[in-house]
Each structure stands twice: as structure tokens, then as C-alpha cells.
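> A structural model of the following input is requested.
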Amino acid sequence: MSKVTVIGAGNMGAAIAAIAARGGAEVQIVGRSEHAEQVAAQVGGVFATENSPITGDIVVLAVPYPALAEIARTHAAQLAGKVVVDISNPVDFATFDGLVVPADSSASAELAALLPASRLVKAFNTNFAATLASGELGDVPTRVVIAGDDDDAKAQLRAVVEAGGLSVADAGALKRARELEAMGFLQMVLAVREQVAWTGGFAVVA
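Predicted structure coming up:
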């Protein structure tokens, strides 16, 4: 049985936790609120505080980009050897007119540098929470695009996602996170401008 820890219990964290639980994974929700406890109860998982041991072999960081560095500093030792999944889009929310990482980098590349003993995978950042929860994007199944340098880490995450009823497209190396973050940002821009719904977005069709 896979063991998945989700740090963060917002819409994305809750949707990802539900996918993992639906596929039979043992789920831990790490948070600081009553809502996080409720999400854990809803998916049949275990609630843990930020000071609790991280039990998952796969750890999903379902938090905004600015929180990644602190999590890495606080939990680097516990995250060593684990599959760490970055779902962030490093958007400049002050202007909503670009990304805050260098043009030749990504949030995932920065996180990988902070967690050299972990196995980083980029995933879920091109999906809206509603499409993860429903399993549908328009009239096609939701597909999760992933990227990473460790094939075994990607295979572990793929197995959890597919067991939860969704499909996966592998974009290759972690350096593809830059393009995925740009795609995620553009999708958000379209939703904010009401060109697409938050239940819609980009679909990857096989």
C-alpha cells in the first residue's frame, strides 16, 4: 500500500488526498486548522500537525510557492529519500503578469536545490482542483502531467494517480517544470479573465 502525505488542505490538497485515498493509499493530511482535520476525516486519512512525523513515502506539497522554502528548511531531514511532489505555480500575485522565478528556472528547480536528498516531481499544477475532484475536464477525462528526473519517483506517483482513477502524461525531465508552470499560469490568467471556468482549463488528450 502506498503511503501519501499531503501538506496543505486547501482545494488542491483536498482533491489530491481524495484521489490517493480512492486508490487505496494510506493518507496523512498535515495542516494547522480544523478544516485540515475535516479533510482528513472525509478521505479516511489521518490528520497531523506541522510538528508531527511525516509518514508518507510520497509527500505532496499542496501549498503556495512562497511557503516552499520554509517547508524545505523545516523538513529537509524528514523528506530525504522521499518522493516530493511540487504542485506550485510561482505567479507574481502583485501584478498577475508573470512568474517570479528566473526565465531559465522554475519553482521545482529551486525546491530541488533546497532538497538535494529528495526526489522531486512536478505534478498537478496544470490542473484545477475541480477537474481533479470530478475526474473530467469538459468532455474528456482529467489527465495529470508530471515531470521529474527520477523515473522510479514518477512511477510511484503515476501508480497512485492511476489507482485513483485518473491518467498521467509524462513530460520528461524536471527541467520541463518551467513549461508546466508557464502553462499553469496561462490557465489561471484565462480563468481570472473569465475566458474559461475554474471547472475547465487545458486538456491533454491521448
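> helix/strand/coil for residue 154?
When classified by DSSP: H, G, I helix; E, B strand; the rest coil, residue 154 comes out as helix.
> kindly report the same for residue 27.
On the basis of three-state DSSP, residue 27 is classed as strand.
> I figured it hits residue 21, correct?
Yes. At 4.9 Å, residue 27 and residue 21 qualify as touching, with contact defined as CB atoms under 8 Å. Every C-beta, even on glycine, is put in place using the N, C-alpha and C of the backbone.
> mutual contacts of the two, please.
Both residue 27 and residue 21 are in contact with 43, 44, 45, where contact means CB atoms under 8 Å, 6 or more residues apart in numbering.
> may I have stretch 152-162 as CSV, with CA atoms only?
Extracted in CSV, the C-alpha atoms of stretch 152-162 (Å, rounded to 0.1, in the frame of the first residue of the first chain):
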residue,chain,number,x,y,z
ASP,A,152,11.1,5.4,-10.1
ALA,A,153,9.7,8.5,-8.3
LYS,A,154,7.5,9.3,-11.3
ALA,A,155,6.3,5.7,-11.5
GLN,A,156,5.3,5.7,-7.8
LEU,A,157,3.3,8.9,-8.3
ARG,A,158,1.8,7.6,-11.5
ALA,A,159,0.6,4.4,-9.7
VAL,A,160,-1.2,6.5,-7.0
VAL,A,161,-2.9,8.7,-9.6
GLU,A,162,-4.0,5.9,-11.8
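> mind checking how far it is from the chain centre?
13 Å (CA atoms, centre = their mean, to the nearest Å).
> with stretch 59-72 instead?
10 Å.
> could I get the buried residue list for that stretch?
Residues 59, 60, 61, 62, 63, 64, 65, 68, 71, 72 are the ones in stretch 59-72 that count as buried (16 or more other CB atoms under 10 Å).
> picking up where we left off before, narrow the shared contacts of residue 27 and residue 21 to those that are buried.
For these, a burial check counting by 16+ other CB under 10 Å picks out 43, 45.
> fine by me, we can end here.
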